[in-house]
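A.B. asks: what's the 3D shape of this:
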Amino acid sequence: MQDNIEHSIITKYRKKIWRPFMRAICDYDMIKENDKVAVCISGGKDSFLLAKCMQELKLHGKVSFDLVFLVMDPGYSDTNLHKIIKNAEELNIPIEVVKSDIFAVSTKLDAKHPCYMCARMRRGFLYQHAKDLGCNKIALGHHFDDVVETILLSMFYGGEFKTMMPKLRSKNFTNMELIRPLYLVKESDIISFWENHNFTFIHCACSVADNVESNSKRLEIKMLLKELASKNPIIIQNIFKSSERVNLNTILSYEKDGTITSFEDKY
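C.D. replies: Below is the predicted model of the structure:
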């Protein structure tokens with residue numbers, strides 16, 4: 001099964017997964033010679049595909065780099081943790097499981113916004129552990145749909161225009177960088193890939209997820225985009241392109257490095 005999965009990434013799914021994966025790697029200059037990358041596996045479909053793509057890149061790519069595969073256990077149930085370990089074994093991904101109590105702590109710190117607090121704490125935990133292992137980068141499994149949803153979330157609920165970046169330098173961990181190699185891969189193609197191979201994965205296994213998910217703003221945006229795409233398939237791609245084609249001559253104001261510049265300043 002493992003050989004079939006690896007083969008299909010660069011054959012059957014070459015156009016929909018491998019090419020956009022490689023385009024993101026190259027266009028955004030994500031991997032350099034002698035990098036050591038910690039691939040962060042949450043247990044979901046996206047991070048497991050990221051792990052397989054990174055393995056293929058290391059095997060067939062032109063740049064020499066090292067990989068480690070981190071599973072940060074923030075308080076999973078035994079059933080969910082077993083599922084992650086079993087999937088990793090079947091996919092030949094040599095994971096390292098690191099335990100924490102982030103689920104419980106994040107809920108205590110911010111009962112109204114536990115998901116936001118959890119995400120921040122998990123990110124910091126992963127940075128620190130990756131750095132302790134000698135890594136200079138962590139790789140997360142965010143995909144194209146996540147990027148587009150983030151644009152609309154920022155506009156609708158944040159009153160600003162910003163997107164999820166393909167790579168970021170850490171502000172709190174020296175010489176550490178975050179990369180998102182699935183940046184141009186569509187979620188529907190990820191789902192299709194794993195369904196084709198009869199694999200199932202855990203979703204967010206947080207103890208409060210069932211209470212939050214139905215009210216999730218991201219879910220609202222996801223459903224809106226689905227409705228819009230059913231009427232005009234190019235809308236989602238155009239939303240993404242809008243983040244590449246910002247015309248500063250037609251913007252009322254913009255912020256850079258904490259400084260706000262108004263159109264009046266240059267009028």
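A.B. asks: Walking through the stretch 51-200 of the chain, point out its strands one by one.
C.D. replies: Remark: strands assigned in the stretch 51-200 of the chain by DSSP state E, counting those that start in this stretch are 66-73, 95-99, 137-139, 167-169, 177-179.
A.B. asks: Buried ones in stretch 187-197, by neighbour count?
C.D. replies: Judged by neighbour count (16 or more other Cβ atoms under 10 Å), stretch 187-197 contains these buried residues: 187, 189, 190, 193, 194. In this view, the C-beta of every residue, glycine as well, is placed from N, C-alpha and C.
A.B. asks: ok, those vs residue 15, which is closest?
C.D. replies: residue 189 (9.1 Å; Cβ to Cβ).
A.B. asks: Make CSV out of the strands of the stretch 51-200 of the chain and add mean neighbour count.
C.D. replies: Listed next are those as CSV, based on neighbours: other Cβ atoms under 10 Å:
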stretch, mean neighbour count
strand 66-73, 19
strand 95-99, 15
strand 137-139, 24
strand 167-169, 13
strand 177-179, 22
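A.B. asks: Export the ones you listed to CSV and append columns for mean pLDDT and distance to residue 233.
C.D. replies: Shown next, in CSV, are these (pLDDT from 0 to 100; distance: least, Cβ to Cβ, whole Å):
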stretch, mean pLDDT, distance to residue 233
strand 66-73, 94, 35
strand 95-99, 90, 37
strand 137-139, 98, 29
strand 167-169, 97, 28
strand 177-179, 98, 29
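A.B. asks: With respect to residue 18, which of those lies nearest?
C.D. replies: strand 137-139 (16.0 Å).
A.B. asks: what helices or strands is the closest one leaning on?
C.D. replies: Counting contacts by 3 or more Cβ pairs under 8 Å, 6 or more residues apart in numbering; DSSP states H and E, strand 137-139 is packed against strand 36-40, helix 114-132, strand 177-179.
A.B. asks: Go through the ones you listed and name the closest to residue 147.
C.D. replies: Using Cβ to Cβ, the nearest of those to residue 147 is strand 177-179, at 13.5 Å.
A.B. asks: Any chance of JSON lines for the buried residues of stretch 187-197, columns pLDDT?
C.D. replies: As requested, the buried residues of stretch 187-197 are exported to JSON lines (pLDDT from 0 to 100):
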{"residue": "187", "pLDDT": "97"}
{"residue": "189", "pLDDT": "97"}
{"residue": "190", "pLDDT": "98"}
{"residue": "193", "pLDDT": "97"}
{"residue": "194", "pLDDT": "96"}
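A.B. asks: between these, which is nearest residue 76?
C.D. replies: Among these, residue 194 lies closest to residue 76 (Cβ to Cβ), at 19.7 Å.
A.B. asks: Just the CA trace of stretch 69-79, in CSV.
C.D. replies: Only the C-alpha atoms of stretch 69-79 are listed here, as CSV (Å, rounded to 0.1, in the frame of the first residue of the first chain):
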residue,chain,number,x,y,z
PHE,A,69,8.3,14.1,11.8
LEU,A,70,6.8,15.5,15.0
VAL,A,71,3.4,14.6,16.5
MET,A,72,2.6,16.9,19.4
ASP,A,73,0.1,15.2,21.6
PRO,A,74,-1.9,18.1,23.2
GLY,A,75,-4.1,15.7,25.1
TYR,A,76,-5.6,13.3,22.6
SER,A,77,-7.7,10.4,23.7
ASP,A,78,-6.0,7.0,23.6
THR,A,79,-8.2,6.1,20.6
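A.B. asks: Take the strands of the stretch 51-200 of the chain and lay them out in TSV including distance to residue 89.
C.D. replies: TSV is the format used below for those (distance: least, Cβ to Cβ, whole Å):
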stretch	distance to residue 89
strand 66-73	12
strand 95-99	9
strand 137-139	21
strand 167-169	30
strand 177-179	26
